[in-house]
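K.L.:
test case, fold it:
(chains A, B, C and D)
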4 protein chains.
Amino acid sequence: MTNQKLYHAHIEACVEAMNACNLSYVANLKEYNLEKLCECIRITRECAEICSFTAQSLSQGSQFAGEIAELCAKVCEACIAECAKHNNQHSRECIEACRHCVEMCKDLMVAA
Amino acid sequence: MTNQKLYHAHIEACVEAMNACNLSYVANLKEYNLEKLCECIRITRECAEICSFTAQSLSQGSQFAGEIAELCAKVCEACIAECAKHNNQHSRECIEACRHCVEMCKDLMVAA
Amino acid sequence: MTNQKLYHAHIEACVEAMNACNLSYVANLKEYNLEKLCECIRITRECAEICSFTAQSLSQGSQFAGEIAELCAKVCEACIAECAKHNNQHSRECIEACRHCVEMCKDLMVAA
Amino acid sequence: MTNQKLYHAHIEACVEAMNACNLSYVANLKEYNLEKLCECIRITRECAEICSFTAQSLSQGSQFAGEIAELCAKVCEACIAECAKHNNQHSRECIEACRHCVEMCKDLMVAA
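P.N.:
Modelled structure (predicted):
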């Protein structure tokens, strides 16, 4: 059991990525050209869920923090790659939040 | 704390509704005519999450089983109303699974 | 679909309550006198999950924000009542975070 | 995107493991000798959550099915190791359900 308070910045990064992913998800669902957005809709929604799950796990001081962070980083990277195909503000914000989350996850992977 | 084993059929109904909602969600994301499906995509995804949350809560013998079931029934009913607008097999299967889940939730609301 | 950005302070309150509940949960599991803590362990864990679920729902701009907030407030209140029986720092911090979360949830219940 | 219907038995195994973990969690919280059970309480609860998360991910046809299954198998194995220290019916049932879940997860890891 690790000190959960040490995870505060990591949890915050996960929550910010969750929020940015969800904002992008909802914004995409309002677009006309949905055919090109279906993969983006899918991955932002999944990424929001894994970020939330990671925050919850870190908040409990999970002994699997390293493994969960590795999974979260992988999903965030897939989300970044997909959002990079779309030239709009919410996708750029999603990329930025996910990048910060990846950094924080990699920090946990080293520490674990 | 209630007897969790009593909830077996209720948990199963929630999981079946989660599965049917997710199948419909993924099938809708593959369609061409996404403009008419965005609300259906949104509600099936949210319904899948609340069904899963309800199953987890019942499985833990939550003292809030009645309140959570009430919320789950409400979301399932909104999902049924939206799916009823779309004439295809996966929407019909989603409606059927959600209807059964509503019944099981109402059973819990009376019991709670 | 409501403006998710409006929910920023509410999401933050939910995440802070999740963290405080989880810190209390883990701290209680390290105590010797666990017989008196089992209800506290159970409710802090459940409260952490509903707070996280509420944050995720608000972050998606759920149309059920009011109902989910109502459930979250109820679980937080039960958590506060239980933590009030235990005279220690992590329980007091949990009470404080849950109280703020209840306030934010009630704000959503009025708005919904 | 893989065929979600292929995952039916895997989802069922995850849900059964979630249920067995939660039953063991609640049964342990009712015991007198909680000092020896705190690690078991913690891991059964965490295992129940990752099993539920895995079921939800498979049900959505996640492209990360293999990675999530790998994480789920690892947590189930830690849960089995802990439950094996406790000689009672609910721990034995938890071990059995988690073993089956590990098998199904390993099947996904090969397939992914």
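K.L.:
please make it C-alpha for all contacts and neighbour counts, starting now.
P.N.:
Will do.
K.L.:
show me where pLDDT drops low in chain A?
P.N.:
A:1-5, A:112 (pLDDT under 70).
K.L.:
can you pull out the helices in it?
P.N.:
Secondary structure of chain A (DSSP state H): helices at A:8-29, A:38-59, A:65-83, A:89-111.
K.L.:
what residues does chain A put near chain D?
P.N.:
Contacts of chain A with chain D, taken as C-alpha under 8 Å from any C-alpha of the partner chain, map to A:Glu46, A:Ser62, A:Phe64, A:Glu67, A:Ile68, A:Leu71, A:Val75.
K.L.:
residues in contact with the last one?
P.N.:
What it means is A:Val75. Contact partners of A:Val75, counting by C-alpha atoms under 8 Å, 6 or more residues apart in numbering or on different chains, are A:Ile43, A:Glu46, A:Cys47, A:Ile50, D:Phe64.
K.L.:
ok, now how distant is A:Ser52 from chain B?
P.N.:
13 Å (C-alpha to the nearest C-alpha, to the nearest Å).
K.L.:
again but with A:Glu31, I slipped
P.N.:
Counting by C-alpha to the nearest C-alpha, the gap from A:Glu31 to chain B is 8 Å.
K.L.:
tell me the contacts of the residue of chain A most remote from its centre?
P.N.:
Using C-alpha atoms, centre = their mean, the residue of chain A lying farthest from its centre is A:Tyr32. It sits 25.2 Å away. Counting by C-alpha under 8 Å, 6+ apart, A:Tyr32 touches B:Glu35.
K.L.:
spell out which residues of chain A are next to chain C.
P.N.:
A:4, A:18-19, A:22-23, A:25-26, A:48-49, A:52, A:56, A:59-61.
K.L.:
about what we covered before: quick check, nearest of the residues of chain A next to chain D to C:Arg99?
P.N.:
A:Ser62 (25.7 Å; C-alpha to C-alpha).
K.L.:
ok, back up a step: neighbour-wise, which of the contacts of A:Val75 leads?
P.N.:
Neighbour tally across those (other C-alpha atoms under 10 Å in any protein chain shown): the maximum, 27 neighbours, falls on A:Cys47.
K.L.:
ok, that one - contacts?
P.N.:
Contacts of A:Cys47 by C-alpha under 8 Å, 6+ apart are A:Met18, A:Cys21, A:Cys72, A:Val75, A:Cys76, A:Cys79.
K.L.:
try 7 Å
P.N.:
For A:Cys47, the contacting residues are A:Cys21, A:Val75, A:Cys76, A:Cys79, by C-alpha atoms under 7 Å, 6 or more residues apart in numbering or on different chains.
K.L.:
what is the neighbour count of the last one?
P.N.:
For A:Cys79, the neighbour count with other C-alpha under 10 Å is 27.
K.L.:
pretty sure it contacts A:Thr44?
P.N.:
Yes: with contact defined as C-alpha atoms under 7 Å, A:Cys79 reaches A:Thr44; the gap is 6.1 Å.
K.L.:
hang on, the earlier thing: how about the contacts of A:Cys47, which pair is most distant?
P.N.:
Farthest pair in the contacts of A:Cys47, by C-alpha to C-alpha: A:Cys21 and A:Val75, 11.5 Å.
K.L.:
out of the residues of chain A next to chain C, the closest to chain B would be?
P.N.:
When those are ranked by distance to chain B (C-alpha to the nearest C-alpha), A:Val26 comes first, at 8.4 Å.
K.L.:
identify the residue spatially nearest to that closest one, adjacent ones excluded.
P.N.:
C:Gln60 (6.8 Å; C-alpha to C-alpha, 6 or more residues apart in numbering or on different chains).
K.L.:
hang on, isn't the one you found packed against A:Asn22?
P.N.:
Yes: using C-alpha under 7 Å, C:Gln60 is in contact with A:Asn22, at 5.2 Å.
K.L.:
skipping its backbone neighbours, what lies nearest A:Ile41 in space?
P.N.:
Per C-alpha to C-alpha, 6+ apart, closest to A:Ile41 is A:Tyr25, 5.3 Å.
K.L.:
how about A:Ala69?
P.N.:
A:Ala69's closest residue in space is A:Cys105 (C-alpha to C-alpha, 6+ apart), at 4.8 Å.
K.L.:
I'd like to know how far that neighbour sits from chain C.
P.N.:
18 Å.
K.L.:
enumerate every residue touching that residue.
P.N.:
Listed by C-alpha under 7 Å, 6+ apart, the contact set of A:Cys105 reads A:Ala69, A:Glu70, A:Ala73.
K.L.:
can you pick the most crowded of those residues?
P.N.:
A:Ala69 leads these on contacts (other C-alpha under 10 Å) with 28 neighbours.
K.L.:
what's it in contact with, if anything?
P.N.:
A:Ala69 neighbours (C-alpha under 7 Å, 6+ apart): A:Thr54, A:Cys105, A:Leu108, A:Met109.
K.L.:
go again using 8 Å as the cut-off
P.N.:
A:Thr54, A:Cys105, A:Lys106, A:Leu108, A:Met109.
K.L.:
so how many other residues sit close to A:Pro30?
P.N.:
Not Pro; residue A:30 is Lys. With other C-alpha under 10 Å as criterion, A:Lys30 counts 13.
K.L.:
give me the spatial nearest neighbour of it, chain neighbours excluded.
P.N.:
B:Cys38 (7.4 Å).
K.L.:
gap between the one you found and chain C?
P.N.:
Taking C-alpha to the nearest C-alpha, one finds B:Cys38 at 12 Å from chain C.
K.L.:
again with A:Asn87
P.N.:
A:Asn87 is 21 Å from chain C, where distance means C-alpha to the nearest C-alpha.
K.L.:
count the neighbours of that residue for me.
P.N.:
9.
K.L.:
now it. Its backbone dihedrals?
P.N.:
Here is the backbone geometry of A:Asn87 (degrees, to the nearest 10): phi -90, psi 80.
K.L.:
repeat for A:His86
P.N.:
Dihedral angles (degrees, to the nearest 10) for A:His86: phi -120, psi 120.
K.L.:
next, count neighbours for it.
P.N.:
Neighbour tally, A:His86, other C-alpha under 10 Å: 14.
K.L.:
need the residues of chain A near chain B, please.
P.N.:
Near chain B, when you scan chain A using C-alpha under 8 Å from any C-alpha, you find A:Leu29, A:Lys30, A:Glu31, A:Tyr32, A:Asn33, A:Leu34, A:Glu35, A:Cys38, A:Arg42.
K.L.:
of the residues you listed, grab the buried ones for ChimeraX.
P.N.:
If you want just the buried ones from the residues of chain A next to chain B in ChimeraX, going by 16 or more other C-alpha atoms under 10 Å in any protein chain shown, the selection is:
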select /A:29,34,38,42
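K.L.:
nearest to B:Ile11 among the residues of chain A next to chain B?
P.N.:
A:Arg42 (26.0 Å).
K.L.:
could I get the contacting residues of that closest one?
P.N.:
B:Leu29.
K.L.:
check A:Cys94 too.
P.N.:
Applying C-alpha under 8 Å, 6+ apart, the residues near A:Cys94 are A:Ala17, A:Ala20, A:Cys21, A:Ser24, A:Ile80, A:Cys83.
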